[in-house]
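Enquirer: Have a look; sequence and predicted model below, questions after that.
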Amino acid sequence: MKKIVLSLLTLAIFSCTTENETTTSDVAASNLSAKVSTSKNLITAAELPTTNYSLTTYESCSANCIEAGSAIYFEKTNEQTVSWGGPNNDKFSKTVYIKYFNTLTDFKILVLSTEGFSDLIINGIETGIGATANTWGEYSLPLGTTWNTCDIKNFNVKVAGNGPQAEFNTSYGLVGKCESTCSTSFTGKSISCDETREVEYTFTSKDDVSNLKIQGGLTNFTGEDAVVTITGGNLTHTQRIPGGEKNSNRIITIEGSVKACETITINIKWNSSNSGGIITGSWSAGGTGVSVDPVAGLECQN
C-alpha cells in the first residue's frame, strides 16, 4: 500500500511540474511574439532609402573638399534604437538614423525614423519638421558668406514623436571648396584673312560664372550675318549694326554661363572688304569675378 501511495504522489508532482514549465514557455513565446509584432517598420542601415543628395564618407575638413560644380558632399552618420513599454521597456522600439553634411551654401541634417517623427528640435528650438515612417526629413541652415573651411558646427538634435525622443550631439568641421586647378584667361587669334574672314576667341574661368558677357566688333563687314559657332558653356549670341544700316561694322555679343575650368571657344566667319591688317575691333569678357584684359583688334599675318 505504501508503494502505491508513493507512486501516485510522485506522478502528481511530475504532472504539476510539467504544467508549470509549459505555462512559462507559453508566456515567453507570447512576449517574443509581442516584440516582433511591434518591429514591423524596422530596417537596417543597408536598407535605408536614398536621399536627394550624392553623399560619400567624411574623412576630415582638411582631407575633403567640394569640387566646383560638383554635387557630391561628405556625410557623417549616426543611429539610435529606442525601446519602451512593458515591464522591461522593450515592448516597442524604433531606430532613428541621422546624416549631416555641408554644401557650399548650407548645412544639412537629414533624419529618418522607422516609426516616423513629428518634430526636430535643434539646439532646443522646435523646427516643426516631421516625416512619416522610413522617410527622410531635412533641416537646412544657410551658411552665409563669411564661413571658412574647418569652421566647427555643433548641434544638439532631438527627434520627437511616436515614442521617446532620440537625441544626438553632432560636431562637424565644414568642408570647403577645392582650390581651382586653372586660371581665368581670354585670348583670340585670326585664322583666315581673305574675303572670307575667320577668327576664334577662347575663354576659361577658374570659377563658375553665371553672367558671362563677351563682346566685340567685326570691321568692314559685308553680306549676311556672321556665322558664330560656340563650343562649351551655356551661351547664346546676338549681332547688331552699330549706328545704323550704313555702318560697315558689326557688334557680336555672347552671354550666358560657364562652369569653372571649362574652356569655351567662339568661332566667327564673315565676309569683309577690309584690305587692312586689322580685321576685328577690341573684344572684352566680363562677369562676376572675371578680370581679364581685352583682346585688341586681331591682325592678319599674310
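Expert: Cool, the structure landed. Numbers count the residues shown, from 1 in each chain.
Enquirer: In the protein, where's the longest strand?
Expert: Criterion DSSP state E: the longest strand present in the chain is strand 72-84.
Enquirer: So what touches that one?
Expert: 45, 53-59, 64, 66, 89-103, 108, 163-168, 170, 172, 175 (CB atoms under 8 Å, 6 or more residues apart in numbering). C-betas here are computed from N, CA, C, even on glycine.
Enquirer: and it, what's its mean pLDDT?
Expert: Mean per-residue pLDDT for strand 72-84: 96.
Enquirer: picking that back up, so which of the contacts of strand 72-84 are in strands?
Expert: Using DSSP E, 54-57, 92-102, 108, 166-168, 170, 172 are the members of the contacts of strand 72-84 that sit in strands.
Enquirer: quick one: the helices in the protein?
Expert: For the chain, the helices defined by DSSP state H cover 2-37.
Enquirer: Outline the domain layout of it.
Expert: What automatic domain parsing lists as the domains of the chain is 45-173, 185-286.
Enquirer: And those, which one averages the lowest pLDDT?
Expert: Mean pLDDT per stretch puts domain 185-286 lowest among those, at a mean of 89.
Enquirer: Contacts only, for the nearest residue to residue 265 once chain neighbours are set aside.
Expert: Leaving aside its sequence neighbours, residue 265 sits nearest to residue 231 (CB to CB, 6 or more residues apart in numbering; 4.7 Å). Residues near residue 231 by CB under 8 Å, 6+ apart: 264, 265, 267.
Enquirer: Buried among those? Make that a ChimeraX selection.
Expert: To isolate the buried members of those in ChimeraX, using 16 or more other CB atoms under 10 Å:
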select :264
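Enquirer: In a markdown table: the contacts of residue 231, plus distance to residue 193.
Expert: As requested, the contacts of residue 231 are exported to a markdown table (distance: CB to CB, whole Å):
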| residue | distance to residue 193 |
| --- | --- |
| 264 | 24 |
| 265 | 19 |
| 267 | 15 |
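Enquirer: Could you tell me which of the contacts of residue 231 belong to strands?
Expert: 264, 265, 267.
Enquirer: Identify the bridge partners of the second one.
Expert: In this structure, residue 265 has beta-bridge partners residue 202, residue 231, where bridges are defined by DSSP bridges.
Enquirer: now it: how far from residue 293?
Expert: Look at residue 265 and residue 293: by CB to CB, to the nearest Å, they are 19 Å apart.
Enquirer: And the strands in the stretch 151-300 of the chain?
Expert: 152-160, 166-173, 185-193, 196-204, 209-218, 221-231, 234-240, 250-258, 263-272, 280-286 (DSSP state E, counting those that start in this stretch).
Enquirer: ok and the fourth one relative to strand 221-231, angle-wise?
Expert: Read that as strand 196-204. In terms of direction (axes from the mean of the first three to the mean of the last three CA atoms, to 10 degrees), strand 196-204 departs from strand 221-231 by 30 degrees.
Enquirer: Might you quantify the distance of strand 196-204 from its chain's geometric centre?
Expert: The chain centre lies 36 Å from the centre of strand 196-204; the measure is CA atoms, centre = their mean, to the nearest Å.
Enquirer: For that strand, which helices and strands make contact with it?
Expert: strand 185-193, strand 209-218, strand 263-272, strand 280-286 (3 or more CB pairs under 8 Å, 6 or more residues apart in numbering; DSSP states H and E).
Enquirer: Which among those strands is found nearest to residue 242?
Expert: In terms of CB to CB, the element of these nearest to residue 242 is strand 209-218, at 7.5 Å.
Enquirer: Now do that closest one: which elements does it pack against?
Expert: Contacts defined by 3+ CB pairs under 8 Å, 6+ apart place strand 209-218 against strand 196-204, strand 250-258, strand 263-272, strand 280-286.
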